[in-house]
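Visitor: Starting from these lines, generate the structure:
(2 chains)
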2 protein chains.
Amino acid sequence: MSSSLIDGQPGASVPIDDRGLLYGDHLFETIAFHQGQAPLWNRHWRRLVHGCGILGMDPPSEQIALTECQSAAGSSDSRVVRITLTRGSGGKAYWPDPDQPVRRIVQARRWPDGLAAARKDGLNLVTSRVRLASGSVLAGLKHGNRLEQVLAARDCAEQGGDEALLYDNLDRLVEAIASNLLLVIDQQCVTPLADSGVAGVGLEWLMDQAETDIVAAAISHRDAARASAVMVINSVTGIRPGRSLDGRPLDIGEPCRFMQQLWTRRLNSPCDS
Amino acid sequence: MSSSLIDGQPGASVPIDDRGLLYGDHLFETIAFHQGQAPLWNRHWRRLVHGCGILGMDPPSEQIALTECQSAAGSSDSRVVRITLTRGSGGKAYWPDPDQPVRRIVQARRWPDGLAAARKDGLNLVTSRVRLASGSVLAGLKHGNRLEQVLAARDCAEQGGDEALLYDNLDRLVEAIASNLLLVIDQQCVTPLADSGVAGVGLEWLMDQAETDIVAAAISHRDAARASAVMVINSVTGIRPGRSLDGRPLDIGEPCRFMQQLWTRRLNSPCDS
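Guide: Next up, the predicted model:
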């Protein structure tokens, strides 16, 4: 077992001509593993392969990718494994070499601290002052162009928040910095509909459960100001409620606790109990 | 002299936890050096420092950066030097460590082939089928999030073009894939005005010359269809005229030849003659 692999070999560095570094020309997934198993693997893998299609990269075999992720994760506890597929080295500036094989980078990180407390007591949410661009051809993908999120994270820290609600330049709520969002508005669970942001694996799983009733709709600032509850959804960190939004107290009510129980029961995350 | 330097030391790889690789969390400049001198250095450096301000990174000293670029460029002929400033390693996912020093990566490439022919005979231009997102907080910067340009380059190659005109999702012309644009419309030299794209150093230089008369204005598909000439401007490749746009022949007329002469005379690119 090695905690980082590059094209299947232990390694911890990439050449400076890697296109992932030069241009953000890559896709990645950040995957929860518990005792060597990733309950959401199929959804992560599907998104990654979909992204490869959009970007015009050949994905590796699923078996190779899974084996490498499991090797990095180990079998004894919970780990977060990031798999990155870059377009490798080559091409002529932005113009890629169509025959260049992708470079696989697999890295394991320890399980994040403080998740149980965040799920129980909630997050201090703020409205980001960073606006996302709209109408992105990359919408939905988990790609390597994440500078907007880095700027939003800096802004969130400056505001003293734990996570932030991100709007696009047309005042449409999109997502949180590293998560998707669910808002309870007029007793209805709503997730933002927009033409940017990441199609989150955790949110997708939640929407597919028969017991949940979630609709996707455009959400403006004014809509969000009426929300009684906000939930922050991420495939690794699970469902974390907001306890406040820009200082206004939020409910951590029944819908959140119900979905958290569903998540824990079905997605097997023992280390958060 | 070494052709690649990392934080001033010869090197050709970076750690896999570099934020430039993980998130495209970096800025770069691609700079023409002739016999160890970069005629547009001041403008490149100004844009890089401006970008550091937006991203919240501390730039290195100008003298250190210039010395390293000159070391990579050598003193005998023409080279293209890329300097990249990543946010280094560290932080917690998108949340950067505010105290993390930047990582400097300096790489030299040989001077591109075929520039003289392209400047004389012109490029085959196509309209990109890739639309840029609009309203980006990163507008103007030369940052590491270039997946839109990679997708546009793939599309351009599929269409058999040399370069492409990129519009945003609101039908506003923005730029070419790796260049800025000048169009001659109704005898006026116009560069596109939009809220995305890179504020090009070569274009800026050209607009600042007393002999040129260039205005910035919104340009739609319909406007571009009326253009008699199109010029593709890049600080390294200079001024390359379009010889056709989507199969429609373009003029390579007097404004282009005049600006090319100005460029050659003042920016000292002997290897293209």
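
Visitor: can you pull up the bridge partners for A:Asn180?
Guide: A:Ile233 (DSSP bridges).

Visitor: any idea how far chain B is from it?
Guide: As judged by C-beta to the nearest C-beta, to the nearest Å, A:Asn180 and chain B stand 14 Å apart. Glycine gets a C-beta too; all of them are placed from N, C-alpha and C.

Visitor: Next, count neighbours for that residue.
Guide: Per other C-beta atoms under 10 Å in any protein chain shown, the neighbour tally for A:Asn180 reads 24.

Visitor: A:Lys92 now?
Guide: A:Lys92, neighbours per other C-beta under 10 Å, totals 12.

Visitor: Next: A:Ala225.
Guide: Counted with other C-beta under 10 Å, residues neighbouring A:Ala225 total 12.

Visitor: One more: A:Ser3?
Guide: Counted with other C-beta under 10 Å, A:Ser3 comes out at 17.

Visitor: does the closest residue to it other than its chain neighbours sit in a helix, a strand or a coil?
Guide: Residue nearest to A:Ser3 in three dimensions, not counting chain neighbours: A:Ala108, with 4.5 Å by C-beta to C-beta, 6 or more residues apart in numbering or on different chains. Classification of A:Ala108 using DSSP: H, G, I helix; E, B strand; the rest coil returns strand.

Visitor: ok, A:Ala108 - contacts?
Guide: A:Ala108 makes contact with A:3-4, A:72-74, A:79-82 under the criterion C-beta atoms under 8 Å, 6 or more residues apart in numbering or on different chains.

Visitor: same question, A:Ala224
Guide: Counting by C-beta under 8 Å, 6+ apart, the residues that A:Ala224 touches are A:127, A:165, A:173, A:183, A:230, A:245.

Visitor: ok, now A:Ser235?
Guide: Neighbouring residues of A:Ser235 by C-beta under 8 Å, 6+ apart: A:30-32, A:40, A:43-44, A:200-202, A:205.

Visitor: Could you pull out the buried residues of stretch A:69-79?
Guide: Of the residues in stretch A:69-79, A:69-74, A:78-79 count as buried by neighbour count, 16 or more other C-beta atoms under 10 Å in any protein chain shown.

Visitor: which residue sits closest to the residue of the stretch 151-273 of chain A found nearest chain B in space, ignoring its chain neighbours?
Guide: Residue of the stretch 151-273 of chain A nearest chain B, by C-beta to the nearest C-beta: A:Asn169 (3.0 Å). Spatial nearest neighbour of A:Asn169, chain neighbours left out: B:Gly135 (3.0 Å); criterion: C-beta to C-beta, 6+ apart.

Visitor: confidence score at the one you found?
Guide: On pLDDT, B:Gly135 comes in at 95.

Visitor: Can you check the distance spanned by stretch A:162-180, start to finish?
Guide: End-to-end span of stretch A:162-180 (C-alpha to C-alpha, to the nearest Å): 14 Å.

Visitor: mean confidence score for that stretch?
Guide: 97.

Visitor: quick one: it to chain centroid distance?
Guide: The chain centre lies 13 Å from the centre of stretch A:162-180; the measure is C-alpha atoms, centre = their mean, to the nearest Å.

Visitor: Quickly list what the spatially most distant residue from the centre of chain A is bridged to.
Guide: For chain A, the residue at maximal distance from the C-alpha centroid (C-alpha atoms, centre = their mean) is A:Lys92, at 30.9 Å. In this entry, A:Lys92 is beta-bridged to A:Trp95, by DSSP bridges.

Visitor: Show the pLDDT at it.
Guide: Reading off the model, A:Lys92 has pLDDT 94.

Visitor: A:Met1 now?
Guide: So A:Met1 comes in at 48 (pLDDT).

Visitor: if we can go back for a sec, how close does the residue farthest from the centre of chain A get to B:Ile177?
Guide: 11 Å (C-beta to C-beta, to the nearest Å).

Visitor: returning to what we had before: any chance of the contacts of A:Ala108 in TSV, with secondary structure too?
Guide: Formatted as TSV, those follow (three-state DSSP):
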residue	secondary structure
A:Ser3	coil
A:Ser4	strand
A:Ala72	helix
A:Ala73	helix
A:Gly74	coil
A:Arg79	strand
A:Val80	strand
A:Val81	strand
A:Arg82	strand
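
Visitor: Which positions in the stretch 101-250 of chain A make contact with chain B?
Guide: By C-beta under 8 Å from any C-beta of the partner chain, the residues of the stretch 101-250 of chain A that approach chain B are A:105, A:107, A:130-131, A:133-138, A:143-154, A:156-157, A:168-170, A:177-178, A:195-196.

Visitor: Just the ones of those in strands?
Guide: Among those, DSSP state E puts A:105, A:107 in strands.

Visitor: of the residues of the stretch 101-250 of chain A next to chain B, buried ones?
Guide: A:105, A:107, A:130-131, A:133-138, A:143-154, A:156-157, A:168-170, A:177-178, A:195-196.
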